[in-house]
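Q: Sequence and predicted structure below; questions after.
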Amino acid sequence: MLEQIKEIIMNYVDVEESTITPDARFIEDLKFNSYDFMSFLGEIEETFEIAVEEEDVLSLSTVGEAIEYIEKIKA
């Protein structure tokens, strides 16, 4: 799943793939702006066929948290 997430992230921000790790923070490390982050979440919803709840958005600050969230929803 990390590889799929990396591909999606690279559609939104210009970073080296090696910087996209589970500990990487979307805003601080990967330089997402709020618009790109919301667009990224929309693509995550489409790709993984899930719905990200509005109240959960703020809890997704790292790549690893996003992966855990997706896995929890898909389980």
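A: That came through fine. Numbers count the residues shown, from 1 in each chain.
Q: what's around the residue nearest to Ala51 when sequence neighbours are not counted, how many residues?
A: Nearest residue to Ala51 in three dimensions, chain neighbours excluded: Glu45, at 6.1 Å (Cβ to Cβ, 6 or more residues apart in numbering). The C-beta positions use only the backbone N, C-alpha and C, and glycine is treated the same way. By the criterion of other Cβ atoms under 10 Å, Glu45 has 14 neighbours.
Q: Give the other helices and strands that the one helix or strand Glu45 maps to contacts.
A: Secondary structure assigned from DSSP states H and E places Glu45 in helix 34-48. Where contact means 3 or more Cβ pairs under 8 Å, 6 or more residues apart in numbering; DSSP states H and E, helix 34-48 is packed against helix 2-9, helix 63-74.
Q: now for the longest one, which elements pack on it?
A: In this case it means helix 63-74. helix 2-9, helix 34-48.
Q: Ok, which of those helices comes nearest Phe26?
A: Closest to Phe26 of the helices and strands packed on helix 63-74 is helix 34-48 (Cβ to Cβ; 5.7 Å).
Q: Render the CA-only coordinates of that closest one in CSV, please.
A: The C-alpha trace of helix 34-48 is given here as CSV (Å, rounded to 0.1, in the frame of the first residue of the first chain):
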residue,chain,number,x,y,z
SER,A,34,-4.5,22.4,2.3
TYR,A,35,-6.0,22.3,-1.2
ASP,A,36,-3.5,19.6,-2.4
PHE,A,37,-4.1,17.6,0.8
MET,A,38,-7.9,17.6,0.3
SER,A,39,-7.4,16.6,-3.4
PHE,A,40,-5.0,13.9,-2.3
LEU,A,41,-7.7,12.6,0.2
GLY,A,42,-10.2,12.6,-2.6
GLU,A,43,-7.9,10.5,-4.8
ILE,A,44,-7.3,8.1,-1.8
GLU,A,45,-11.1,7.7,-1.5
GLU,A,46,-11.4,6.8,-5.1
THR,A,47,-8.4,4.6,-5.3
PHE,A,48,-9.2,2.5,-2.2
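Q: Give me the contact list for it.
A: Residues from elsewhere that reach helix 34-48 (Cβ atoms under 8 Å, 6 or more residues apart in numbering): 4-5, 8-9, 11-13, 26-27, 32, 50-52, 57, 60, 66, 70, 73-74.
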